[in-house]
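# missing the sequence, but the structure's below:
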């Protein structure tokens, strides 16, 4: 049984009665110290039934179905600290990131955020990142498999006169996501009403016993919910408090199922050198008005000449299908499946895959070998320029 903590956030910050006090903070420093044993996150999670991979990732709490249901009708929390965190600092950081990825960083102010995509010069996809623009830094959340290569890539583009530094802070931080219709209530119970109802990407800084905590709008898989970037020193304490306020813990296996159902492309699966950013349906991450950046010329040509040849789709399947297998219609290859996972809420199995533009539409019946499936829209993906972007001239 995990001991309950009477932990709240007052208008002056987080409070654990009787001794823990947390204040608002700029969170400019990320020099962290080891956590005390009684608040060790892995020990706390193990007491909650967590089963760990050899790499220390919580694969499941033995409650995958319950946690997926919680995303639908209450609230769930997941530790995705195995994802990479990158910190870009220096006077030229905004200009630098503006030129390195698809988003318009120069239009963002302190406390705002966005999604952005790292591309090859031919607009092939490397990774999708969540970015927070802070007072003295830009913090990026990237995929577990790409943070080292992205740090290397970014450092390669720093010229002698550039006032930019790029640091991998993955091992120095933790990252939680809170999802579901009950997310707002959890924030209110923590007395974080200030962040509730704010636009996607908005983030505020606090400190718990001198350790930084950043709370942002959006749960990585959705523009709703919340994310927390925090020190390992107080990660266990905050995790227990979120659970105390009603959140169901979720492991990486259930999160991956949810990722596929939501349609968020993943590095090494939907995001590879084989597919471009428009085929991946990441229109909302692209600025159509900013100047030159890596991959911009190819994107402009694809839009101008209507050159997108395939789209990413959700797939509902009767049985699990081998990733990488051909998708066929009437015996003819029309695409490839890139992800597959057990479904939820009446869906037997869910997949993601690229399908030729001329044959892809919702309800289209397909086959993967002898396995039957049907194409479906997924929330994360757009197959054309969203109306809001057209109106804004983004």
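That came through fine. As the structure is a computational prediction, the values presented were derived from the model and not from experiment.

# Just want the phi and psi numbers for residue 194.
phi -60, psi -30 (degrees, to the nearest 10).

# Now it: closest residue in space that isn't a chain neighbour?
Leaving aside its chain neighbours, residue 194 sits nearest to residue 204 (6.3 Å; criterion: CB to CB, 6 or more residues apart in numbering). Backbone N, C-alpha and C define where each C-beta goes, glycine included.

# Would you mind pulling up the elements that the strand or helix carrying the one you found packs against?
Following DSSP states H and E, the helix or strand that holds residue 204 is strand 203-208. Contacts defined by 3 or more CB pairs under 8 Å, 6 or more residues apart in numbering; DSSP states H and E place strand 203-208 against strand 13-16, strand 20-24, strand 211-217, helix 232-244.

# repeat that with 6 Å
strand 20-24, strand 211-217 (3 or more CB pairs under 6 Å, 6 or more residues apart in numbering; DSSP states H and E).

# so the last one versus helix 232-244, what angle?
Going back to what we said before, that points to strand 211-217. Orientation of strand 211-217 against helix 232-244 (axes from the mean of the first three to the mean of the last three CA atoms, to 10 degrees) gives an angle of 50 degrees.

# Parallel or antiparallel, which strands does strand 211-217 pair with?
Strand pairing for strand 211-217, using DSSP bridges, gives strand 203-208 (antiparallel), strand 226-230 (antiparallel).

# could you point out the longest strand in this structure?
Counting residues, the longest strand found in the chain (DSSP state E) is strand 332-342.

# Quick check: what element follows that strand along the chain?
strand 349-356.

# And that next one, what's buried?
349, 350, 351, 352, 353, 354, 355 (16 or more other CB atoms under 10 Å).

# nearest to residue 299, of the residues you listed?
Nearest to residue 299 among the buried residues of strand 349-356 is residue 354, at 17.5 Å by CB to CB.

# Report pLDDT for the most centrally placed residue in the chain.
In the chain, the residue lying closest to the centroid (CA atoms, centre = their mean) is residue 220, at 2.9 Å. Residue 220 is assigned a pLDDT of 98 by the prediction.

# any low-confidence regions in this structure?
Along the chain, the model assigns pLDDT under 70 to residues 1-38, 386-394.

# Show me the helices in it, by range?
Under the criterion DSSP state H, the chain contains helices at 41-47, 64-73, 93-100, 147-156, 183-189, 232-244, 252-262, 296-304, 387-392.

# got the ones you listed as TSV, with mean neighbour count columns?
TSV is the format used below for the helices of the chain (neighbours: other CB atoms under 10 Å):
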stretch	mean neighbour count
helix 41-47	17
helix 64-73	18
helix 93-100	20
helix 147-156	16
helix 183-189	20
helix 232-244	22
helix 252-262	22
helix 296-304	15
helix 387-392	10
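
# Just list the residues touching the residue lying closest to residue 356 once chain neighbours are set aside, thanks.
For residue 356, the nearest residue in space outside its immediate sequence neighbours is residue 334; the separation is 4.7 Å by CB to CB, 6+ apart. Contacts for residue 334 (CB atoms under 6 Å, 6 or more residues apart in numbering) come out as 327, 355, 356, 359.

# so what's the second one up against?
Residue 355 is in contact with 313, 327, 334, 335, counting by CB under 6 Å, 6+ apart.

# Quick one: residues contacting the last one.
In this case it means residue 335. 327, 353, 354, 355.

# Would you mind naming the residues that pair with it in a beta bridge?
Beta-bridge pairing for residue 335 (DSSP bridges): residue 327, residue 355.

# repeat for the first one
Following DSSP bridges, residue 313 is listed with bridge partners residue 353.

# what residues does stretch 87-107 touch?
Stretch 87-107 has contacts (CB under 6 Å, 6+ apart) with 114, 116-118, 137-139, 162-167, 169, 285-287, 290, 293.

# just checking, the residue nearest to residue 194 touches residue 195?
Yes - look at residue 204 against residue 195 with CB atoms under 6 Å: they come within range, at 5.5 Å.

# Return every residue with contacts to both of these two.
residue 215.

# end-to-end on stretch 218-232?
End-to-end distance for stretch 218-232, by CA to CA, to the nearest Å: 21 Å.

# What about residue 196, how many residues nearby?
14 (other CB atoms under 10 Å).

# so who does it touch?
Taking CB under 6 Å, 6+ apart, we find residue 196 in contact with 184, 187.

# likewise residue 119?
Per CB under 6 Å, 6+ apart, neighbours of residue 119: 294, 295.

# again, 8 Å this time
Contact partners of residue 119, counting by CB atoms under 8 Å, 6 or more residues apart in numbering, are 101, 102, 125, 126, 276, 277, 294, 295.

# got it, and residue 197?
Residues near residue 197 by CB under 8 Å, 6+ apart: residue 184.

# how close does it sit to residue 296?
To residue 296, residue 197 is 34 Å away according to CB to CB, to the nearest Å.

# Then residue 268?
24 Å.

# now do residue 231
37 Å.

# From the strands paired with strand 211-217, pick the one with the highest average neighbour count.
strand 226-230 (a mean of 24; mean count of other CB atoms under 10 Å).

# What sits closest to residue 143 if chain neighbours are left out?
residue 267 (3.8 Å).

# again, but for residue 134
Excluding the flanking residues, the one nearest residue 134 by CB to CB, 6+ apart is residue 110, at 6.5 Å.

# Going by neighbour count, which residues in stretch 359-376 are buried?
Within stretch 359-376, the residues that qualify as buried are 359, 360, 364, 366, 367, 368, 371, 373, 375, 376, counting by 16+ other CB under 10 Å.

# out of those, who's nearest residue 235?
residue 376 (36.3 Å).

# Please verify my assumption that that closest one contacts residue 343.
No - the criterion here is CB atoms under 8 Å, and residue 376 misses it with residue 343 at 11.0 Å.

# what is in contact with these two at once?
In contact with both residue 376 and residue 343: residue 316, using CB under 8 Å, 6+ apart.

# OK, contacts around the closest residue to residue 348 other than its chain neighbours?
Nearest residue to residue 348 in three dimensions, chain neighbours excluded: residue 318, at 6.0 Å (CB to CB, 6+ apart). Taking CB under 8 Å, 6+ apart, we find residue 318 in contact with 348, 349, 371, 372, 373.
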